[in-house]
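*Asks:* what's the 3D shape of this:
(2 chains)
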Amino acid sequence: MTAYLKLDHIDKSFARGGQVSEVLKDIRLTIDKGEFVSIIGHSGCGKSTLLNLIAGLTKVTAGAVLLENKEVDSPGPERAVVFQNHSLLPWLTVYENINLAVSKVFGRTRSRAERHDWIMRNLDLVQMAHARDKRPAEISGGMKQRVGIARALAMEPKILLLDEPFGALDALTRAHLQDAVMDIHSRLGSTTIMITHDVDEAVLLSDRIVMMTNGPAATIGEVLAVPLARPRRRVELSSDRTFLRCREAVLKFLYERHRFVEAAE
Amino acid sequence: MSIQAIENPKVKAFPTPAKPAEVIAFTAKVRRRFEPGAIAGKLASTLVPPAVVIVVMLVIWQIACSSPNASLPPPSQVWTEAYDLIAHPFFDYGPQDIGLAWRVLISLQRVAIGFGLAAIVGVALGALVGQSIWAMRGLDPVFQILRTVPPLAWLPLSLAAFRDSSPSAIFVIFITSIWPVIINTAVGVRNIPEDYRNVSRILRLNQLEFFVKIMVPAAAPYIFTGLRIGIGLSWLAIVAAEMLTGGVGIGFFIWDAWNSSRLPDIIVALAYIGVTGFCLDRLVAAVGAFVTRGTTAK
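*Replies:* Now for the predicted structure:
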């Protein structure tokens, strides 16, 4: 069976002023269709760079990103990104922000009425239809992130890329949004890759957790499967053995074997 | 009406009849917006101080210029001698004898053409300089030098090039007001957050879509700052340019009045120019505030 998404021996280095710094080295990973994969690691380990490589926003130095056996090296709506700081355009309303994406992606293939229905369906999915005429400045951080997710989903992506989507939110809002993402994932079965630095979040949401070693020249240290049945409920899981075992495994990886050293050069 | 009158017979004594229907329609929301007392108070607090200052200035001016050997006319003399100009801005007695409002409008027309062209070309060039590092390296030093050239220094060259006074005046407006538009637009474009660019890349917006949908709205606050400086400069330049090129604009009127020693006319014309410049500035500021209401409210 061929993988849906394949990261094939990816290296990434940045050249700045004659100095070459190696960020990622020999990244190998395959992801199946419908899978939810988290990438976790200490800050500076290049996990955001890895997401940008998959999104095509940054080009690989060596190796390739293969989606359905085709190399992708430029950004496109079939790999939609939910940015950490939502990146909604502040001069457009919630509806217009999503419309910008929908009319670009489906402008030729769907009628105006179909596009409108599609926008509203995605707003309903993240429970934001009530705020369709509000501007991003008028809604809360959690709501902005919901709209960001709706915008990404509205592109009908093959892969949904979440770049620390809940990092800037308070704990309660974060929990709400995690539930929303789990719900959406179970309904749409969208292949999802999420960058996070939150161990609980990774275990709760993922089918597999990819743990990165520290940079420079970071690579995948370990991949942990999370054999928890879905739907998952955070309250029940807090005392679940499998959950705790997975959590412990990630914590051990991050804080014992690959402890973050600030002065590491 | 009749019910009220029965309840309170005094109501009849007032000349304005109270309409009960209107009172019912007066919801809380409406009341907040049209509170007459608050609006009157606000108007008074913005209008009274400048009015007092103007009156004081007029009095000082009147006293200072009242002596028989004063070189400038006092306000009373301006009022009596230039009364036609003040009271009838729109008179039209022939090709060179028209009201000041007409002259201002003719000058404004030149400004509109010159400044309009400067806005279009300036935003386009500014976008180029802001987007491309090589365009910036090549063009920015040239712009920085050219923008320090005083407006009127361009006039002889443009007269030589266009061989006519009207396009020359328009060109002077253009070349005066374009620099702040270019420079501010370039800064605005350079400051577009990387995330907006990433959004447009993921959506695969083409250059034109990116320009219209992302770049212009994102840089709009900067663009309007440039436009506001630009319109101020072009109003400065048109008066000076018209004094030299002639025609029927407000600038030439001042020069003409000076040549025929009509000092009161000049003073009235100055007031017209000042008020018009103020209105232009406020107009661009208001358009800018309206257009960028989403962008600036972070």
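*Asks:* Can you report how many residues lie near the residue in the stretch 151-265 of chain A positioned nearest to chain B?
*Replies:* Residue nearest to chain B within the stretch 151-265 of chain A (C-beta to the nearest C-beta): residue A:155, separated by 7.7 Å. Backbone N, C-alpha and C define where each C-beta goes, glycine included. Residue A:155: 23 surrounding residues under other C-beta atoms under 10 Å in any protein chain shown.
*Asks:* How about the secondary structure of the spatially closest residue to it that is not a sequence neighbour?
*Replies:* The shortest distance from residue A:155 to any non-neighbouring residue, by C-beta to C-beta, 6 or more residues apart in numbering or on different chains, is to residue A:77 (4.0 Å). Of the three states, residue A:77 takes coil according to DSSP: H, G, I helix; E, B strand; the rest coil.
*Asks:* I figured residue A:77 hits residue B:205, correct?
*Replies:* No. Between residue A:77 and residue B:205 there is no contact under C-beta atoms under 8 Å: 10.5 Å.
*Asks:* tell me which parts of the stretch 151-298 of chain B are close to chain A?
*Replies:* By C-beta under 8 Å from any C-beta of the partner chain, the residues of the stretch 151-298 of chain B that approach chain A are B:193, B:195-196, B:198-199, B:201-205, B:209, B:213-214, B:217-218, B:220, B:292, B:294-295, B:297-298.
*Asks:* Can you flag which of these belong to helices?
*Replies:* B:195-196, B:198-199, B:201-202, B:209, B:217-218, B:220, B:294-295 (DSSP state H).
*Asks:* With neighbour count and pLDDT added, can I get these in JSON lines?
*Replies:* Converted to JSON lines, these look like this (neighbours: other C-beta atoms under 10 Å in any protein chain shown; pLDDT from 0 to 100):
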{"residue": "B:195", "neighbour count": "16", "pLDDT": "90"}
{"residue": "B:196", "neighbour count": "19", "pLDDT": "93"}
{"residue": "B:198", "neighbour count": "18", "pLDDT": "93"}
{"residue": "B:199", "neighbour count": "25", "pLDDT": "93"}
{"residue": "B:201", "neighbour count": "17", "pLDDT": "93"}
{"residue": "B:202", "neighbour count": "29", "pLDDT": "93"}
{"residue": "B:209", "neighbour count": "15", "pLDDT": "92"}
{"residue": "B:217", "neighbour count": "20", "pLDDT": "90"}
{"residue": "B:218", "neighbour count": "22", "pLDDT": "91"}
{"residue": "B:220", "neighbour count": "21", "pLDDT": "92"}
{"residue": "B:294", "neighbour count": "19", "pLDDT": "57"}
{"residue": "B:295", "neighbour count": "20", "pLDDT": "60"}
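*Asks:* residue ranges with poor pLDDT in the stretch 151-265 of chain A?
*Replies:* When residues are selected by pLDDT under 70, those of the stretch 151-265 of chain A lie in A:260-265.
*Asks:* same thing but 50
*Replies:* Low-confidence segments of the stretch 151-265 of chain A, defined by pLDDT under 50: A:263-265.
*Asks:* and whichever residue of the stretch 101-250 of chain B sits closest to chain A, what does it touch?
*Replies:* Nearest to chain A in the stretch 101-250 of chain B, going by C-beta to the nearest C-beta, is residue B:195, at a distance of 3.8 Å. Neighbour list for residue B:195: A:83, A:85, A:87 [criterion: C-beta atoms under 8 Å, 6 or more residues apart in numbering or on different chains].
*Asks:* how does it look with 6 Å?
*Replies:* A:83, A:87 (C-beta atoms under 6 Å, 6 or more residues apart in numbering or on different chains).
*Asks:* before we move on, what about residue B:266?
*Replies:* The contact partners of residue B:266, by C-beta under 6 Å, 6+ apart, come to B:254, B:257.
*Asks:* Quick check: the gap between it and chain A.
*Replies:* Distance, residue B:266 to chain A, by C-beta to the nearest C-beta, to the nearest Å: 46 Å.
*Asks:* so where does that residue fall, helix or strand?
*Replies:* In this structure, residue B:266 sits in helix B:263-291 according to DSSP states H and E.
*Asks:* and that helix, which residues are buried?
*Replies:* The neighbour-count check on helix B:263-291 (16 or more other C-beta atoms under 10 Å in any protein chain shown) flags B:263-269, B:272-273, B:276-277, B:280, B:284, B:288, B:291 as buried.
*Asks:* Excluding chain neighbours, give the residue nearest to residue A:165 in space.
*Replies:* residue A:82 (4.9 Å).
*Asks:* what is the orientation angle of the top helix by length along chain B with helix B:263-291?
*Replies:* Using DSSP H to define each element, chain B has its longest helix at helix B:100-131. Helix B:100-131 runs at 40 degrees relative to helix B:263-291, counting by axes from the mean of the first three to the mean of the last three C-alpha atoms, to 10 degrees.
*Asks:* Can you list the buried residues in helix B:100-131?
*Replies:* B:100-108, B:110-115, B:117-119, B:122-123, B:125-131.
*Asks:* do stretch A:45-63 as well
*Replies:* A:45-58, A:60-61, A:63.
*Asks:* Also stretch B:209-217?
*Replies:* For stretch B:209-217, a neighbour-count test (16+ other C-beta under 10 Å) marks B:210-211, B:213-217 as buried.
*Asks:* cool, and stretch B:80-97?
*Replies:* Within stretch B:80-97, the residues that count as buried by 16+ other C-beta under 10 Å are B:81-82, B:85, B:89.
*Asks:* which other residues reach that stretch?
*Replies:* When contacts are defined by C-beta under 6 Å, 6+ apart, stretch B:80-97 is touched by residues B:98-101, B:264-265, B:268.
*Asks:* from those residues, which single one is nearest chain A?
*Replies:* Nearest to chain A out of the contacts of stretch B:80-97 is residue B:101 (C-beta to the nearest C-beta; 37.2 Å).
*Asks:* and the residue nearest to that closest one when sequence neighbours are not counted, helix, strand or coil?
*Replies:* With C-beta to C-beta, 6+ apart as the criterion, residue B:101 has its nearest non-adjacent residue at 3.4 Å, and that residue is residue B:89. Of the three states, residue B:89 takes coil according to three-state DSSP.
*Asks:* Next, residue B:89: phi, psi?
*Replies:* Phi and psi for residue B:89, reported as degrees, to the nearest 10, are phi -70, psi -20.
*Asks:* so how far is residue A:203 from it?
*Replies:* Distance, residue B:89 to residue A:203, using C-beta to C-beta, to the nearest Å: 78 Å.
*Asks:* what's around the residue in the stretch 1-150 of chain A that chain B sits nearest to, how many residues?
*Replies:* Relative to chain B, the nearest point of the stretch 1-150 of chain A is residue A:91 (3.3 Å; C-beta to the nearest C-beta). Using other C-beta under 10 Å, residue A:91 is surrounded by 23 other residues.
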